[in-house]
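**Student:** Quick one: sequence and predicted model below, then my questions.
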Amino acid sequence: GAGVSQSPSNKVTEKGKDVELRCDPISGHTALYWYRQSLGQGLEFLIYFQGNSAPDKSGLPSDRFSAERTGGSVSTLTIQRTQQEDSAVYLCASSIRQGDNEQFFGPGTRLTVL
Amino acid sequence: KQEVTQIPAALSVPEGENLVLNCSFTDSAIYNLQWFRQDPGKGLTSLLLIQSSQREQTSGRLNASLDKSSGRSTLYIAASQPGDSATYLCAVRKGRGYNKLIFGAGTRLAVHP
């Protein structure tokens, strides 16, 4: 595929369950970003990966949130013990490298915590 | 702390009008600014990227300008069409070593036939 892909597109879960969201960046892009888009909060940065460097986790809202990127490609965002306030659209983006390059976004995963 | 504001929050225009969307940021020390489009239930589509050293960028009917000193960017859409209906977001990057984009809340545009 030519663009960033994310799965699942929609996820409904019960409060307290763990969820995993997946992102496949554009082939050849070394930088990968996760953002969250909530009603009333706009788009917020969560975490950033660049190559083999340590990730920038400065946007993660709590220690229930974690992410990994295996082999410098696919990334998984994990939310443990989900809460209703975690309900949002989780967007993944990639760019060729850090710096002045454009970020290209995937379609997002809509997470609903009941 | 960098804050990004977009005015108006919503705009409804008849087809064919030229229109301007505004984006302002509180800290003029930005590295670049990016305009996106978001259709309902979809992700973001990158429209234009302006580096801090640039004054404007153009793509088709879209023209984005940047005035760093005043903390402002505008997105000009010429001859609007119903297919332009979407939410338009601007986002700034603070510096080369900063990884995140800081987004405005967006302008929701409706172009009616």
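**Tutor:** Here it is on my side, so go on. Numbers count the residues shown, from 1 in each chain, chains lettered A, B, ... in the order given.

**Student:** and the helix or strand harbouring B:Trp35, how far out from the chain's middle?
**Tutor:** B:Trp35 is part of strand B:32-38, with elements assigned from DSSP states H and E. Relative to the chain's own centre, strand B:32-38 is displaced by 5 Å; criterion: CA atoms, centre = their mean, to the nearest Å.

**Student:** Sheet-wise, list the partners of it with their directions.
**Tutor:** Paired with strand B:32-38 in the same sheet, following DSSP bridges, are strand B:44-51 (antiparallel), strand B:86-93 (antiparallel).

**Student:** So which of those is the most surrounded?
**Tutor:** When you average the neighbours per residue for each of the strands paired with strand B:32-38 (mean count of other CB atoms under 10 Å in any protein chain shown), strand B:86-93 leads with a mean of 24. (Glycine included, C-beta is placed from N, CA and C.)

**Student:** ok, whatever residue of chain A ends up closest to chain B - contacts?
**Tutor:** Going by CB to the nearest CB, chain B is nearest to A:Phe45 of chain A, at 3.4 Å. Contacts for A:Phe45 (CB atoms under 8 Å, 6 or more residues apart in numbering or on different chains) come out as A:Tyr33, A:Trp34, A:Tyr35, A:Ser58, A:Gly59, B:Asn99, B:Lys100, B:Leu101, B:Ile102.

**Student:** what's the answer for A:Arg64, then?
**Tutor:** A:Ile79, A:Gln80, A:Arg81, A:Thr82, A:Gln83.

**Student:** partner residues bridging B:Leu49?
**Tutor:** The bridge-partner assignment for B:Leu49, based on DSSP bridges, gives B:Gln34.

**Student:** can you count the residues close to residue 8?
**Tutor:** Looking at chain A here, since you left the chain open. Residues lying near A:Pro8 (other CB atoms under 10 Å in any protein chain shown) number 13.

**Student:** think we crossed wires, I meant chain B
**Tutor:** Neighbours of B:Pro8 using other CB under 10 Å come to 11.
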